[in-house]
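Participant: I need the structure of the sequence given here:
(one chain, ligands or ions: 1)
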Amino acid sequence: MPELAEVEFYRKEWDAGLRKKVTRVELHAGKRIFRGIKVKRLAAALEGATYLNSEAQAKLMCFRFSGGVWLGIHLGMSGQLRMELAGFTPEKHDHLVLQQSARALVFSDPRQFGRVHFHEGRDVPTWWAKLPPAVTSPEFTLERVSAFLKRHARLAVKAALLVQTAFPGVGNWMADEILWQARIDPRTLCGKLSKKQIQALWEKAREICRVSLDTIGKDFSDPPEDWLIHQRWTSKGICPRHGVQLKTATIGGRTTRWCARCQH
Ligand SMILES: [Zn+2]
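Facilitator: Purely as a prediction, here's the structure:
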């Protein structure tokens, strides 16, 4: 599932179309990703509009077009954005295609857990305005994180890190990375975390989000070699610090990997 940094990477896939007009919209009306949207209205609003700018917040992207047109895309489990050259014919899973004179901006989603949002007008749409502060923003303070963990005292910290209203954009691998780097056992209940651990969790969450955006988010290059991510996908995964076999368990409904020696 795309997390913060992957979403940022996909957002930029459409950059080649900036300041260019949409000449034609091709979409698969009736697909689940368009639920709650008037697709005819969406196509009519986008046709002839110029693509002005875009931004990503957590797992949601917002694309702005001339005429006060807002297009939101959530990638869900399997969504991807890409660019194709002019003359492109949409394939089975290419549910939304913005044709421009020299290229096509494509949103594909085989499993359709993604979602398209649409808004017309000057005011910021609610689906974009109501998002919680980004982990890398100044509003994401230690106090905010401490208060959230206190409110969820009986929740395992791994599960807490997956709550999108508190840690927007953090998904399964990032949560494991944060806990490994902060040396916290993922099964620890939030209420049992020491002040020092909360401080470490907050610092590592910010650092890992920032570095991921600078590597994966920039050009899909690898995050630092000594990170857990390079080990956690392999069945023989070992702790980069100790070389011991990682533990595996399901916590918060997600497969979790950690090192019993350095995470307490
Ligand atoms: Zn270790």
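
Participant: which residue does the stretch 101-250 of the chain bring closest to the ion?
Facilitator: Using C-beta to the ion, the single residue of the stretch 101-250 of the chain nearest to the ion is residue 239, 3.2 Å away. C-beta here means a position set from N, CA and C on the backbone, and glycine is covered the same way.

Participant: check contacts around residue 63.
Facilitator: Going by C-beta atoms under 8 Å, 6 or more residues apart in numbering, residue 63 touches 14, 51, 53, 54, 70, 71, 72, 73.

Participant: which of those are buried?
Facilitator: Listed as buried from those are 14, 51, 54, 70, 71, 72, 73; burial here means 16 or more other C-beta atoms under 10 Å.

Participant: near the ion, which of those residues show up?
Facilitator: With C-beta under 5 Å from the ion as the criterion, these include none near the ion.

Participant: so which of those residues are in strands?
Facilitator: 51, 54, 70, 71, 72, 73 (DSSP state E).

Participant: closest to residue 203 among those?
Facilitator: Closest to residue 203 out of these is residue 54 (29.4 Å), distances taken as C-beta to C-beta.

Participant: what are the bridge partners for that closest one, then?
Facilitator: Beta-bridge pairing for residue 54 (DSSP bridges): residue 63.

Participant: contact partners for it?
Facilitator: The contact partners of residue 54, by C-beta under 8 Å, 6+ apart, come to 11, 14, 15, 61, 62, 63, 64.

Participant: could you rerun that using 10 Å?
Facilitator: 11-12, 14-15, 17-18, 61-65, 71, 73, 81 (C-beta atoms under 10 Å, 6 or more residues apart in numbering).

Participant: those residues of this structure touching the ion, which are they?
Facilitator: Residues of the chain lying near the ion (C-beta under 5 Å from the ion): 239, 241, 242, 259, 261, 262.

Participant: and residue 230, how many neighbours?
Facilitator: Applying other C-beta atoms under 10 Å, we find 14 residues neighbouring residue 230.

Participant: that one in helix, strand or coil?
Facilitator: helix (DSSP: H, G, I helix; E, B strand; the rest coil).

Participant: wait, it sits on residue 223?
Facilitator: Yes - judged on C-beta atoms under 10 Å, residue 230 makes contact with residue 223 at a distance of 8.1 Å.

Participant: on that earlier part again, just give me the closest of the residues of the chain next to the ion to residue 125.
Facilitator: Checking those one by one against residue 125 (C-beta to C-beta), the nearest turns out to be residue 259, at 43.2 Å.

Participant: distance of that closest one from residue 108?
Facilitator: Distance, residue 259 to residue 108, by C-beta to C-beta, to the nearest Å: 37 Å.

Participant: before we move on, the earlier item: widest-spaced pair of the ones in strands among the buried ones among the contacts of residue 63?
Facilitator: Greatest spatial distance among these (C-beta to C-beta): 51 and 72, at 14.1 Å.

Participant: which residues of this structure fall in strands?
Facilitator: Under DSSP E, the chain gives strands at 24-27, 51-57, 60-65, 69-74, 80-85, 94-99, 103-108, 115-120, 247-251, 254-258.

Participant: which of those sits closest to residue 44?
Facilitator: It's strand 24-27; of the strands of the chain, that one is closest to residue 44 (C-beta to C-beta) at 8.3 Å.

Participant: buried residues in that closest one?
Facilitator: Judged by neighbour count (16+ other C-beta under 10 Å), strand 24-27 contains these buried residues: 25, 26, 27.

Participant: redo those as JSON lines? Include pLDDT.
Facilitator: JSON lines is the format used below for the buried residues of strand 24-27 (pLDDT from 0 to 100):
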{"residue": "25", "pLDDT": "98"}
{"residue": "26", "pLDDT": "97"}
{"residue": "27", "pLDDT": "97"}
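
Participant: which one of those sits closest to the ion?
Facilitator: The closest of the buried residues of strand 24-27, once distances to the ion are taken by C-beta to the ion, is residue 27, at 48.5 Å.

Participant: residue 7: how many residues sit nearby?
Facilitator: Neighbours around residue 7, by other C-beta under 10 Å: 25.
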